[in-house]
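Undergrad: Give me a model of this one.
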Amino acid sequence: MLQSVQGIVIRSMDYGEGNKIIRLFTPELGKVGIMARGAKKLKSKHGAVTQLFTYGDFVFFKQRGQMGSLNGAEIIEAHHALREDLHKSAYASYLAEMTDRMLADEEGNAFLFEQLRAGLMAIEEDKDMQIITHLYEMKMFDLAGYLPVTDACVSCGETAGLTTFSPTLGGTLCLRCRHKDPSTIPIGEGTYKLLRLFPRMDMRRLGSVQVKEETKAQLKLCMRTYMDVHIGVQWKSRGFIEQMEKYNI
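TA: Numbers count the residues shown, from 1 in each chain. Got it, this is the predicted structure:
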């Protein structure tokens, strides 16, 4: 069956001497694996459109139970800047890797597609990459059924005095309940506000936010620890980001 879709390349791998296998994320079909024959050759018409982060129109032939075969494609957004800048590439790769590893094959999700598309564009536009990442992480938690409780105490339901975040218990804790998790993370007012905002915020509405370094440090600790506790995946791209942070690259 010949199919025509818009999609974003979330994975691109060399295959054999001249071919590539790409994984598209599309709003209707979810993740789709496609063979792009001859894409590695210098004069290939598919060379550019099979690069990571490319957003385009794709036409491919696919039979049930088999990998698709690329017939044609046109680039809508090439996202050259995401591949040419080390930091942008690392953060964009993390968004793509989360999408690739946390979604089932052929599981359509139009809203998440728009969130990924907006996230890649926001990184390219020099918006805060850490905030973009945390916002997308929250979308992935929601998708996986692990959305943290951030508008009340996860233990008793109290809505006041939420001064700590417990990755283990799954959300914020009030003053009376913070003793229930000795490893709970203290959070300031700015961190709490963002944790409450992320679950219901649309990436397409993200502006140029200014966040204090102390708040960003607390957010990073909360989100990364929560991801490790509840998702438990060794993220290759996040590991690279952490190495850049460690060595101030």
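Undergrad: does the most centrally placed residue in the chain sit in a helix or strand, and which one?
TA: Residue closest to the average C-alpha location in the chain (CA atoms, centre = their mean): L95, at 2.6 Å. Using DSSP states H and E, L95 falls within helix 86-102.
Undergrad: quick revisit: can you pull the pLDDT of the residue nearest to the centre of the chain?
TA: Predicted confidence (pLDDT) for L95: 98.
Undergrad: next one: the one 3 residues further on
TA: Each residue has a pLDDT score; the one for M98 is 98.
Undergrad: Equivalent analysis for L70, please.
TA: 98.
Undergrad: shouldn't L169 be in contact with S155?
TA: Yes - between L169 and S155 there is a contact under CB atoms under 8 Å: 6.6 Å. Heads up, the C-betas are built off the backbone N, CA and C, glycines and all.
Undergrad: any common contacting residues for those two?
TA: K180 (CB atoms under 8 Å, 6 or more residues apart in numbering).
Undergrad: now the strands for the protein?
TA: Taking DSSP state E as the criterion, the chain carries its strands at 2-15, 19-26, 30-36, 55-61, 68-77, 162-166, 171-174, 185-186.
Undergrad: could I get these as JSON lines with mean neighbour count?
TA: Below are the strands of the chain laid out as JSON lines (neighbours: other CB atoms under 10 Å):
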{"stretch": "strand 2-15", "mean neighbour count": "17"}
{"stretch": "strand 19-26", "mean neighbour count": "22"}
{"stretch": "strand 30-36", "mean neighbour count": "21"}
{"stretch": "strand 55-61", "mean neighbour count": "19"}
{"stretch": "strand 68-77", "mean neighbour count": "17"}
{"stretch": "strand 162-166", "mean neighbour count": "24"}
{"stretch": "strand 171-174", "mean neighbour count": "24"}
{"stretch": "strand 185-186", "mean neighbour count": "14"}
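Undergrad: For the closest residue in space to R83 that isn't next to it in sequence, give its distance to L24.
TA: Spatially, and ignoring its direct neighbours in sequence, R83 is nearest to S89 (5.7 Å; CB to CB, 6 or more residues apart in numbering). Here the criterion is CB to CB, to the nearest Å. By it, S89 lies 19 Å from L24.
Undergrad: Could you list the buried residues of stretch 37-47?
TA: A39, K40, S44, H46 (16 or more other CB atoms under 10 Å).
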